[in-house]
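Peer 1: below are the sequence and a predicted model for it; my questions follow.
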Amino acid sequence: MNKKKAIPENYMTVGELAKKMGTTVRTLQYYDKEGLLSPTTESEGGRRLYTHKDMIKLHQILSLKSLGFSLDDIKNKLISLDTPEEVANVLNEQSLAIQQKIEQLTEAVTAIETLKNEVLQMQVVDFKKYADIIVNLQMSNEYYWLIKHFDDTTLEHIRNRFDKESGMDFMHRFNQLNDKVIRLKEKNIAPEDKQAQALAQEFWNMVMEFTNGDMSMLPTLMKFDNLIGDNNEWLEKQKQVNEYLQPALELYFQNAGINAFEGV
C-alpha cells in the first residue's frame, strides 16, 4: 500500500513503462544512460518515474529504430520532429539510405555468385586468385574473368605493375586501340598501309608497356588468342583484332628490325 502511494498519479516506474511498451528495463536504462530518454522525475523513495509523454517519446524511438535509424540519428536530429512535413522528410532520407543498402547488398550477392562461377571454372583452389577476382569485382572491372587464365607469374607481375587507376586506364586505352583496328579492318585497309603500320606500332608499344619489356611473358599472352567462353563478344573482337594485326605486326617488326621472340 505504501509503495503504491509513493507513485504519483499518471506516472509509471521503469518496469511499468517497459511492460506497456513491450521492451526491457535494461533497454530503458540504456536509453537513459545515452541521453535518449530520461525519466521525467523521481519518487520520494528515489524510483525513476515516467509520464505518458515519455511513453509517446519511447514509441517514437522504437518506431524509428524499427525503420533502421541508428540511435545516434534518433538522438541528434529525429526526436525533436514536430510537424508531419519534418517527419516525412527524415523518413524520405531513411528510405534513400535503405535503398542504397539494398543496392549494396544486391551488388554483394552478384559478386558472390560471380566468384562462385569463377571458382568452379578453376582447376585448383587458389585463394590468391580469388582475392584478385574479388578486388576487381569491387572495382567494377568487367575484365575480372581474365584473372583465372593468368599463371601466378603473370598475376604477380600485374599486381606489381598496375594499381587500380593505372590498370583501368590501360584497359581503356587497349579497348580504344582495338576499336581503331576493327575500323581499319572493316575498311579493308592493307597491312602495309601507314594507318595499319601506325596501329601495329601502337599495339606493340602497349605490349611493351604491359610487360615492362619482359619478353618472357609473350608466350603466356599469346595463349589468350585461344580462349573460349567467358565474355564471348570481347574474345571474338580480340580474335579479329589479332588476325588483322598479325601481318601488319610482321611488317612492322621487319621494317623496325625487331625480333620480338629473341631469347624467348
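Peer 2: Great, that's in hand. Because the structure is predicted, anything quoted here is derived from the model rather than measured. Numbering: from 1, shown residues only.

Peer 1: ok, now which ones touch the spatially closest residue to T51 that is not a sequence neighbour?
Peer 2: Once flanking residues are discounted, T51 sits nearest to T40: 4.9 Å by Cβ to Cβ, 6 or more residues apart in numbering. All C-beta atoms are positioned from the backbone trio N, CA, C, and that covers glycine. By Cβ atoms under 8 Å, 6 or more residues apart in numbering, the contact list for T40 reads 11, 49-51, 53-54.

Peer 1: just the buried ones from the residues you listed?
Peer 2: 11, 49-51, 54 (16 or more other Cβ atoms under 10 Å).

Peer 1: in helices, which of these appear?
Peer 2: If you go by DSSP state H, the buried ones among the contacts of T40 have D54 in helices.

Peer 1: on that earlier part again, and which of the contacts of T40 is nearest to L64?
Peer 2: Within the contacts of T40, the smallest distance to L64 is 15.7 Å, found for D54 (Cβ to Cβ).

Peer 1: single out whichever of the contacts of T40 has the smallest pLDDT.
Peer 2: Among these, K53 carries the lowest pLDDT, at 85.

Peer 1: and M122, backbone torsions?
Peer 2: phi -80, psi 150 (degrees, to the nearest 10).

Peer 1: now do I74
Peer 2: Reported as degrees, to the nearest 10, the phi and psi values for I74 are phi -60, psi -40.

Peer 1: thinking again about what came up before, now tabulate the contacts of T40 in a markdown table and tack on distance to I189.
Peer 2: Shown next, in a markdown table, are the contacts of T40 (distance: Cβ to Cβ, whole Å):
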| residue | distance to I189 |
| --- | --- |
| Y11 | 91 |
| L49 | 90 |
| Y50 | 84 |
| T51 | 86 |
| K53 | 82 |
| D54 | 82 |
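
Peer 1: most widely separated two among these?
Peer 2: Greatest spatial distance in the contacts of T40: L49 and K53, 11.9 Å, computed using Cβ to Cβ.

Peer 1: in strands only, show me the buried ones among the contacts of T40.
Peer 2: 49-50 (DSSP state E).

Peer 1: which intervals of the stretch 151-264 of the chain have sub-threshold pLDDT?
Peer 2: 223-232, 260-264 (pLDDT under 70).

Peer 1: residue contacts, D214?
Peer 2: D214 sits in contact with H157, where contact means Cβ under 8 Å, 6+ apart.

Peer 1: R47 contacts Y11, correct?
Peer 2: No: using Cβ atoms under 8 Å, R47 is not in contact with Y11; the gap is 9.2 Å.

Peer 1: secondary structure element holding R183?
Peer 2: Per DSSP states H and E, R183 falls inside helix 164-186.

Peer 1: so after that helix, what's the next helix or strand?
Peer 2: Under the assignment DSSP H and E, the closest C-terminal helix or strand after helix 164-186 is helix 194-211.

Peer 1: how about residues contacting that following helix?
Peer 2: By Cβ under 8 Å, 6+ apart, helix 194-211 touches 157, 161, 170, 173-174, 177, 180-181, 184, 189-191, 217-218, 221, 244-245, 248-249, 251-253, 255-256, 258, 260.

Peer 1: pull the CA atoms of that helix into PDB?
Peer 2: C-alpha atoms of helix 194-211 as PDB (Å, rounded to 0.1, in the frame of the first residue of the first chain):
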ATOM      1  CA  LYS A 194      50.600   3.600 -93.000                       C
ATOM      2  CA  GLN A 195      47.500   3.600 -90.900                       C
ATOM      3  CA  ALA A 196      47.800  -0.100 -90.200                       C
ATOM      4  CA  GLN A 197      51.500   0.300 -89.500                       C
ATOM      5  CA  ALA A 198      50.800   3.100 -87.000                       C
ATOM      6  CA  LEU A 199      48.300   0.800 -85.200                       C
ATOM      7  CA  ALA A 200      50.800  -2.000 -85.200                       C
ATOM      8  CA  GLN A 201      53.400   0.200 -83.600                       C
ATOM      9  CA  GLU A 202      50.800   1.400 -81.000                       C
ATOM     10  CA  PHE A 203      49.900  -2.200 -80.300                       C
ATOM     11  CA  TRP A 204      53.500  -3.200 -79.800                       C
ATOM     12  CA  ASN A 205      54.100  -0.200 -77.500                       C
ATOM     13  CA  MET A 206      51.200  -1.300 -75.400                       C
ATOM     14  CA  VAL A 207      52.600  -4.900 -75.200                       C
ATOM     15  CA  MET A 208      55.900  -3.400 -74.100                       C
ATOM     16  CA  GLU A 209      54.100  -1.200 -71.500                       C
ATOM     17  CA  PHE A 210      52.200  -4.200 -70.100                       C
ATOM     18  CA  THR A 211      55.300  -6.500 -69.900                       C
END
